[in-house]
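Chemist: Next comes the sequence, and after it the predicted model I'd like to discuss.
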2 protein chains.
Amino acid sequence: MPDPAAPLSVATLVLRAKEREIEAVRELANRANLVDVVGQVIQALQRERGASSIYLASRGQRFADTRRTLVDEARAVEQRLREVFAAESQHAQGATARTLSLMAWALLGLDALVALRAQIERQAMPAPDAVAAYSHLIAGLIELVFHVADASAVPSVSRLLVAMLHLVQAQEEAGQERAVGALLYASGVGAEAHQQRVVHLIEAQERSLQVFAEFAEPALRARWDAQQLQPGVARLERLRRTLCTARPGAALDSNLSDTWFNVCTERIDDLWQLQVKLVKRLREDCAARILEAQQDLQDSKGLLRRLRDNPPPRTHVVDRFFDDAIAPQAVPARGAGPAPAPAESNTLLDLLQAQAARLAAMEAELDTVRRTLNERKVIERAKGMLMARLGMTEQAAFRALQKTSMDQNRRLLDVAEATLSLPDFAFAQLAAQAGQHTR
Amino acid sequence: MPDPAAPLSVATLVLRAKEREIEAVRELANRANLVDVVGQVIQALQRERGASSIYLASRGQRFADTRRTLVDEARAVEQRLREVFAAESQHAQGATARTLSLMAWALLGLDALVALRAQIERQAMPAPDAVAAYSHLIAGLIELVFHVADASAVPSVSRLLVAMLHLVQAQEEAGQERAVGALLYASGVGAEAHQQRVVHLIEAQERSLQVFAEFAEPALRARWDAQQLQPGVARLERLRRTLCTARPGAALDSNLSDTWFNVCTERIDDLWQLQVKLVKRLREDCAARILEAQQDLQDSKGLLRRLRDNPPPRTHVVDRFFDDAIAPQAVPARGAGPAPAPAESNTLLDLLQAQAARLAAMEAELDTVRRTLNERKVIERAKGMLMARLGMTEQAAFRALQKTSMDQNRRLLDVAEATLSLPDFAFAQLAAQAGQHTR
């Protein structure tokens, strides 16, 4: 504990910065735990959603027991999530207002599940409404994962969280694809809106998995690539083609309903296996970063003790400080070899310079990772604006952005940004046009 | 204090989110105080730099007393900065590792000032070296202001901090312009490198002031516009023209040296007056945000008490939660009128929805503000990379980026981003070319 009356020394600040880094990684490890449990709840709710849908669609004839078992399983992981939420909310350093607000929203959804399940149990609601209710809650939980990934300040952890977010998202899209496809096959007849929805969900999955592959580490990416070559994938693609290319109103083989469901489930399970590995990696990475930061703190403490015992001549520090070679905004040259070993850095200035360069490099790397998240954020906002202003569905809003992007040969992000800065009168005009063309 | 054994309620989380918002604004108010004192130290060091330069250039004939007075004044504000640093570093919730590291760097510079001043006092260093040393320290302090602005999570405060950062930067550029111009006039002869430097500093100032005007509130912007019309500005522009258009080697009227210094000082004082107003506004805004958040917390507590006493029927909550109208990622429609008054929002869901919409809107606004800071960050990084890789000066690096931007009709930001992602071999080639052309 430093003497509060003593003047603040540079050494104290350097050590305080290192301690703060350790605290930040520790918080992030808590947050990784939260993301892990949220992921488990999402998976449990997806399974419950599937069973509830079949139970309701078959008027209670099928999946009654399975559904009850899955509800019990979901309740167990929900309880764990409640505990994690409670721990996070009592943390002083913990979550931001936005994270807490998203947690409140998720908790409200979990509380509402009690009544929803009772309604489903007594078959008091149609299957599509039940599916929509679960999907709505799951979307909120994914938003929470997004926000945790966005708030991470450690590049390696951020990369894994971005991979995780997109993997969870891909699973949810795969789950919805399974549900809509099963409905179509079971109905025995092609229906355009549902078929378009399946096409949309397949495309969305590919985008999510592409981002996942970009941010996952090589071992996990290789595993995913290998999974893509398994026979189940060919079966899935064949069933997808049959489903998507059937003319609206044409017959679909309703016997394929169960096959479709199983093949889709196999794929979702594959994605889930990836997620388990990814979470393990995430935990390991957080632990490694904490150890690394602690070691670094020890090294710095040792160096500072040696400096105190053998201070360098004062003018030496002055000459070097005002030498332009050191600057807090220093950009480390890429490929310029490893950072100097602690033994080589033998003054406070070297220590500080190494710290500044490392933090600046981390910031630059983080900015790159965040760009991906920001892109998603801007596109979501643009979609939301089109939905709110023009009464479009989510799918139609995305299509509109995508079409403009392709027609005008501009990046989707640029189109989304342009949409967000459209003046009000332009929306009025677009709304009028949309009314003419699509209603 | 909630009972830790009781299960976590949505109400607790909603209130915790509001409390966290208040804490965040309080931290920001501390940070605004830090920025205020940093601004004062920068101004004091700028004045000391000017006097030290003249003292050294005149071999101790001029400004000896003025310099000593200014040193004493600077020491007083330095002491205040040390106290603010000490308070920030002992805060649990306080600064990030990066802020602490930048504070450590600034503190090292302040410590080194003792020896620097002694060297200047006994005229043991050339004037340009002294100027460079002060400028180096000031650049580090500006970097600290940048980082504080970047870390702000309250849009209105962020806007003011961005305005403040660019105003401080413009003052520093104006201060350097004054120093280089005074040197040129005093020498009585045009010198190309120094003249180019003045041109560069004038352009940089205009850019900084443009961003300042964009982010300052209307009243302050109007004040600045009015200041631009004062007679001093015409005098400054005339002296600038004489200085910048003189042929290298041609005579300059060395009698104008003092006039130049005074006219520039008048301009810097104008900028300083703006800064005083801006800091006042910043403090007021932080205070207003704290009051607002506290009022909001009280309102929410009242609503939650009423809800506890008269709970709505459970199914009502369920129906409304799963209604797609509420979503945590809700995008508030622009121009859709004011947010509903607290009296109208009479359920937990309404409360949560209002909170989520407000936080999402804040986040969107923050992203817009941060884009400006990010642009600066990317351009600085690209400049830094060119300096490190090609051995360019800062000015030459900026010129290179600017020229590419104009030649290829691309945004400066895009050119900077492209530069940062250049592969290593491209740098080797560029270095070879730079060697041929500019050496």
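Modeler: Looks like it came in fine.
Chemist: Can you identify the element that follows the lowest-mean-pLDDT helix or strand in chain A toward the C-terminus?
Modeler: When each helix and strand of chain A is scored by mean pLDDT, DSSP states H and E, helix A:314-321 comes last, with a mean of 60. Per DSSP states H and E, the first helix or strand lying C-terminal to helix A:314-321 is helix A:348-390.
Chemist: if you look at stretch A:116-132, does any of it touch chain B?
Modeler: Yes: interface with chain B: stretch A:116-132 contributes A:116, A:119, A:129, A:132 (Cβ under 8 Å from any Cβ of the partner chain). Any C-beta I mention is one placed from the backbone N, CA and C, and that applies to glycine too.
Chemist: Contacts for that stretch next, please.
Modeler: A:49, A:52-57, A:59-60, A:67, A:71, A:133, A:179, A:183, B:318, B:322, B:324 (Cβ atoms under 8 Å, 6 or more residues apart in numbering or on different chains).
Chemist: mind redoing it with 6 Å?
Modeler: With contacts defined as Cβ atoms under 6 Å, 6 or more residues apart in numbering or on different chains, stretch A:116-132 is touched by A:49, A:52, A:53, A:56, A:57, A:60, A:71, A:133, A:179, B:318.
Chemist: for stretch A:288-305, same thing?
Modeler: A:11, A:18, A:21, A:22, A:25, A:154, A:342.
Chemist: so how far is residue B:99 from the third one?
Modeler: In other words, residue A:21. Note on residue A:21: its distance to residue B:99, by Cβ to Cβ, to the nearest Å, is 12 Å.
Chemist: Mark which of the contacts of stretch A:116-132 are part of helices, please.
Modeler: If you go by DSSP state H, the contacts of stretch A:116-132 have A:49, A:52, A:53, A:56, A:57, A:71, A:133, A:179, B:318 in helices.
Chemist: Now the fifth one. Nearest residue, chain neighbours left out?
Modeler: Just to be clear, that refers to residue A:57. Once flanking residues are discounted, residue A:57 sits nearest to residue A:127: 4.4 Å by Cβ to Cβ, 6 or more residues apart in numbering or on different chains.
Chemist: go on, the first one?
Modeler: Nearest non-adjacent residue to residue A:49, counting by Cβ to Cβ, 6+ apart: residue A:134, 3.8 Å away.
Chemist: Touching, residue A:101 and residue B:357? I think so.
Modeler: No: the pair residue A:101 and residue B:357 does not pass the contact test of Cβ atoms under 6 Å, sitting 10.0 Å apart.
Chemist: surely the residue nearest to residue A:49 meets residue A:51?
Modeler: No: in this structure residue A:134 lies outside contact range of residue A:51 using Cβ under 6 Å: 10.5 Å.
Chemist: Longest helix of chain A, counting residues only.
Modeler: If you go by DSSP H, chain A has its longest helix at helix A:256-309.
Chemist: that older thread, so what sits against both of residue A:134 and residue A:51?
Modeler: Common neighbours of residue A:134 and residue A:51 (Cβ under 6 Å, 6+ apart) do not exist.
Chemist: hang on, residue A:124 is in a strand, isn't it?
Modeler: No: counting by DSSP: H, G, I helix; E, B strand; the rest coil, residue A:124 is not found in a strand; it is coil.
Chemist: returning to what we had before: of residue A:21 and residue B:99, which one has the most company?
Modeler: residue A:21 (28 against 23; other Cβ atoms under 10 Å in any protein chain shown).
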